[in-house]
Each structure stands twice: as structure tokens, then as C-alpha cells.
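Trainee: below are the sequence and a predicted model for it; my questions follow.
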Amino acid sequence: MLGSRHAFNDLADTTGDLVSLARLPRVLELDARASTVTIDGALRYGDLCPSLDAAGYALANLASLPHISVAGACATSTHGSGDRVGSLATAVSGLEVMSADGELRSITRDRDGDEFDGMVVSLGTLGVVTRLTLKLEPAFRMRQDVYERLPMDAGLDHFDEITSSAYSVSLFTTWRSPQFDQVWLKRRVVDGDRFEPQPTLFGATRATRQRHPIDGMPPEACTPQLGVPGPWHERLPHFRMDATPSAGNELQSEYQVPRRRAIDALRALEPLRERMGPLVQVSEIRTVAADELWLSPSFGRDSVAIHFTWLPDWDAVARLLPVIEEALAPFEPRPHWGKLFTIPPEQLRPRYPRLVDFGALVARHDPEGRFRNAFVDRYVFGRS
């Protein structure tokens, strides 16, 4: 299956047929009593969220770009940021899946219990997700304030304080100097709230102009900053739906480490600054709350995601990734399933306690392996 094609590795590659749901009829069905919405399997967040907001509803979190499909983001455990907010897949309360035998099956948490946690982050192995049902909450407003030039030592010394100081927090660095070049703080706005941000943040200063995470890229591509309140879906993402997200021409990697060891993990990367700096366009650090989804990188542990947006030079990135992974190895990193990594399957598989259960689930739902490919065989079933 193809979603919005925002994968950087061979997760969606196949020697068989590629299938797209882009021409499915749109589905957007609100259930006010249950506070849920049911959507089709091709809908993107940027197309969904304005309609939710107009009806008075919101999702708890969003990724940095609204251009991705909801089904694809959930199947790969893509995430936003927040101490108390899990990956985007934690909003899923139901799925409609066309399985390998061509039958449509309804899957819900209430009916399928523990197995439901194995079905949401599925890497596309259980069939074609034709519909999803998502949990909603009342619509809210947000503001985002950006701080510039936070010394890295100060950022790490006050890491917990900074990352818990707003609803969603991102720290950006290029690793070319010992600083976080930008810190983005996204806060909920409550009626009557007289909050005013401090002019400094542990040595960083509040930005007085709109910023793009990547220096030199047009800040107009980003959602409004400078503390201007606006709807949740126009502040939680970093990038606007009508603009090119991030750099556009790039490669991406990401590793999640346990939050309790995140500072040590970031310190372990500092000696690689001279090797990472020439290749990285920007690196983003975010928190993700623990969940119980079997294949989620934040399964069973509050996590910190260390993301890299690379220059489009795969040969150089491929030589660097094993060095980064070796530095992070003591912290048992779990990579984003849809981004670039080189961790061998025999090292990665033990980091997912329910992986054997997931393999059995896949075997029951797709005994002939119609939805499996080389990536799934390597990392789920341990076959070369």
C-alpha cells in the first residue's frame, strides 16, 4: 500500500503491485455522542483538520507537517511532541481493513482487546486500511513562541523543565555549534489567560521575526509564530499545508530513546558534531509519551525522538548512520519505521517485546504473505 509517500526507506517497496487509495470517495463522519470521527484511508491531516475545527473538534496532536495521510502516519507510529501525548496512532479507536482474502473487517478496541494494540501500528502488513475512527476532543486555540540560540549545555541541564514548559516543544540544532539554534514552544490558549512569555529562556532570546527550522528557507512556509493565537491545526504543525514542508529535497532518520536516558544519549552524539554538521540540514528533538501499541517506538516507555533531516546524499548518510547508531546503542534506540536506519534486524527485534506476537498476528490475518515484503521479512520475521 502507498499512503502519501512520505517514507524514506524500503518499507513500502514491493516486487508485486503498488496500490493507492487516493481516488477513494471521501469519508468524514462525525459522531458527537462518542466524540469520534471516521475517515477514509487516503485522507490527509491537512484536509481533515479544518473540517474538525469548524465542527468544534480537535485531535490531541499532529505531526510537524499536515501533508501526510492519517492511515500512513498511524501505521508507522508517526508522532508530534508532548510530555502527555502519545504518537498519532494513539488516537485510533477503530479500523476497517480489507484483508488478504478480500473481505472487509471492522476492528475496534472494545471488540478486539489486546490484539487491537497490535493492529494499529501494522506497517501495512494486515491489509488495506480503508477507514479509521479517531478519538476527538473539543477544539482549542494555541500560540507558538520561538527562542533562538539556546546553549546546548543549558538546554540539556534544564531539559525536563524546557520540554514540560509547553504543550508541544521542539528543540532544533544543526550540530555545527554547541547550541540549540531554535526552541519552539506551542501552548494552549485559554480565554482570559494573561500569559506573556519571558524574553529569555536559559540564555536563549525570544525571536522577534518568523523563523523556519532550516536556516535560509522561507519562514512563510511555517505556521504563524510570535505568540499570535490561532486554531490548533494551524499551530501544532510546523509547516503550512499550502507550502513545501521542511526542505523538500532531503533524507530523514529518527531514533527514539527512553526519556530517562535522553540527556546521556544527546551527550553521546556531541563527539560526532564535526561528522554530522556537514550533512545535516536540521536535527529536531521532541518528547513522546509512552503507549501500548506493539510496534510503536514509544511502546512501554516515555521517549525522546532524535530526528535528522539530511542533505540528499545517501552515500554519505549511509556511512554516517552506523556511527550514530553505535553511539546510541547503549540506549536501545528504536528508529522510525519509515525513515532511514541501518540497525541490523537481529539487534532491533529484541527491542520490541511484542514483536513475536505481532508476527503471529500477521500470519493469522495474511497467511500467504500478500502484504509482506522484504522489509517486513527482515524486521518482523527475521528473514533475509
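Mentor: That came through, no problem.

Trainee: how close does the nearest residue to M119 once chain neighbours are set aside sit to V304?
Mentor: Nearest residue to M119 in three dimensions, chain neighbours excluded: I107, at 5.5 Å (C-beta to C-beta, 6 or more residues apart in numbering). C-betas here are computed from N, CA, C, even on glycine. Here the criterion is C-beta to C-beta, to the nearest Å. By it, I107 lies 31 Å from V304.

Trainee: these two: who's more crowded?
Mentor: V304 (25 against 20; other C-beta atoms under 10 Å).

Trainee: mind listing what's buried in the least confident helix or strand in the chain by mean pLDDT?
Mentor: Least confident helix or strand, the chain: helix 109-112 with a mean of 89, by mean pLDDT, DSSP states H and E. Neighbour counts over helix 109-112 (16 or more other C-beta atoms under 10 Å) mark R109, D112 as buried.

Trainee: what mean pLDDT does the helix or strand just after that helix get?
Mentor: Next in sequence after helix 109-112, counting helices and strands by DSSP states H and E, comes helix 116-119. For helix 116-119, mean pLDDT rounds to 96.

Trainee: same for whichever helix or strand comes after helix 116-119, what does it pack against?
Mentor: Reading on from helix 116-119 to the C-terminus, the next helix or strand found by DSSP H and E is strand 128-135. When contacts are defined as 3 or more C-beta pairs under 8 Å, 6 or more residues apart in numbering; DSSP states H and E, strand 128-135 sits against strand 36-40, helix 70-75, strand 92-98.

Trainee: hey, which of these is tucked in deepest?
Mentor: helix 70-75 (a mean of 26; mean count of other C-beta atoms under 10 Å).

Trainee: quick one: residues in contact with that helix.
Mentor: With contact meaning C-beta atoms under 8 Å, 6 or more residues apart in numbering, helix 70-75 is reached by 3-4, 6-7, 21, 39, 41-45, 48, 63, 78, 88-89, 91-92, 120-124, 129, 132, 134, 338.

Trainee: same question for stretch 340-359.
Mentor: Outside of stretch 340-359, the residues within contact range by C-beta under 8 Å, 6+ apart are 8-9, 117-118, 251-253, 255, 294-295, 299-300, 310, 314, 317-318, 321-322, 325, 329, 332-335, 378-382.

Trainee: which residues are in contact with stretch 16-24?
Mentor: M1, L2, A12, D40, G41, A42, A71, V128, T130.

Trainee: where along the stretch 251-384 of the chain do the strands fall?
Mentor: Under the criterion DSSP state E, counting those that start in this stretch, the stretch 251-384 of the chain carries strands at the ranges 251-258, 280-288, 303-310, 334-335.

Trainee: quickly find the element holding the residue of the chain positioned farthest from its centre.
Mentor: The C-alpha centroid of the chain is most remote from G192, which lies 32.2 Å away (C-alpha atoms, centre = their mean). Per DSSP H and E: G192 is located in neither a helix nor a strand.

Trainee: what about the closest residue to R286 other than its chain neighbours, how many residues nearby?
Mentor: Spatial nearest neighbour of R286, excluding adjacent residues (C-beta to C-beta, 6+ apart): S81 at 3.7 Å. Counted with other C-beta under 10 Å, the neighbours of S81 add up to 27.

Trainee: same check on the one 5 residues further on?
Mentor: Each residue near G86 was counted by other C-beta under 10 Å, and the total is 23.

Trainee: OK, contacts around it?
Mentor: N61, H79, V288, A289, A290, D291, S296, S298.

Trainee: what's the separation between R105 and V362?
Mentor: R105 sits 14 Å away from V362, going by C-beta to C-beta.

Trainee: which one of the two is surrounded by more residues?
Mentor: Taking neighbours as other C-beta under 10 Å, R105 and V362 compare with V362 leading, 22 against 16.

Trainee: surely that one touches V380?
Mentor: Yes. V362 is in contact with V380 according to C-beta atoms under 8 Å; the separation is 6.7 Å.

Trainee: overlap in contacts, these two.
Mentor: Shared contacts of V362 and V380, counting by C-beta under 8 Å, 6+ apart, come down to T125, R372.

Trainee: can you list the domains in the chain?
Mentor: 28-138, 141-335, 345-379 (automatic domain parsing).

Trainee: as CSV, the strands of the stretch 251-384 of the chain with distance to H238 and mean pLDDT would be great.
Mentor: Output for those, formatted as CSV (distance: least, C-beta to C-beta, whole Å; pLDDT from 0 to 100):
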stretch, distance to H238, mean pLDDT
strand 251-258, 14, 98
strand 280-288, 9, 97
strand 303-310, 11, 98
strand 334-335, 21, 98
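
Trainee: figure out which of the ones you listed is closest to T173.
Mentor: Proximity to T173, assessed across the strands of the stretch 251-384 of the chain by C-beta to C-beta, is greatest for strand 280-288 (5.2 Å).

Trainee: kindly list the longest helix within the protein.
Mentor: helix 314-328 (DSSP state H).

Trainee: what's next to that one, contact-wise?
Mentor: By C-beta under 8 Å, 6+ apart, helix 314-328 touches 251, 253, 255, 257, 265, 268-269, 271-272, 275-276, 279, 306, 308, 310-311, 333, 340-343.

Trainee: helices of the stretch 201-350 of the chain, start to end?
Mentor: Applying DSSP state H, counting those that start in this stretch to the stretch 201-350 of the chain gives helices spanning 262-269, 273-276, 314-328, 345-348.

Trainee: a markdown table for those, including mean pLDDT and mean neighbour count?
Mentor: As requested, the helices of the stretch 201-350 of the chain are exported to a markdown table (pLDDT from 0 to 100; neighbours: other C-beta atoms under 10 Å):
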| stretch | mean pLDDT | mean neighbour count |
| --- | --- | --- |
| helix 262-269 | 98 | 18 |
| helix 273-276 | 97 | 15 |
| helix 314-328 | 98 | 16 |
| helix 345-348 | 96 | 14 |
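
Trainee: that'll do, ta.
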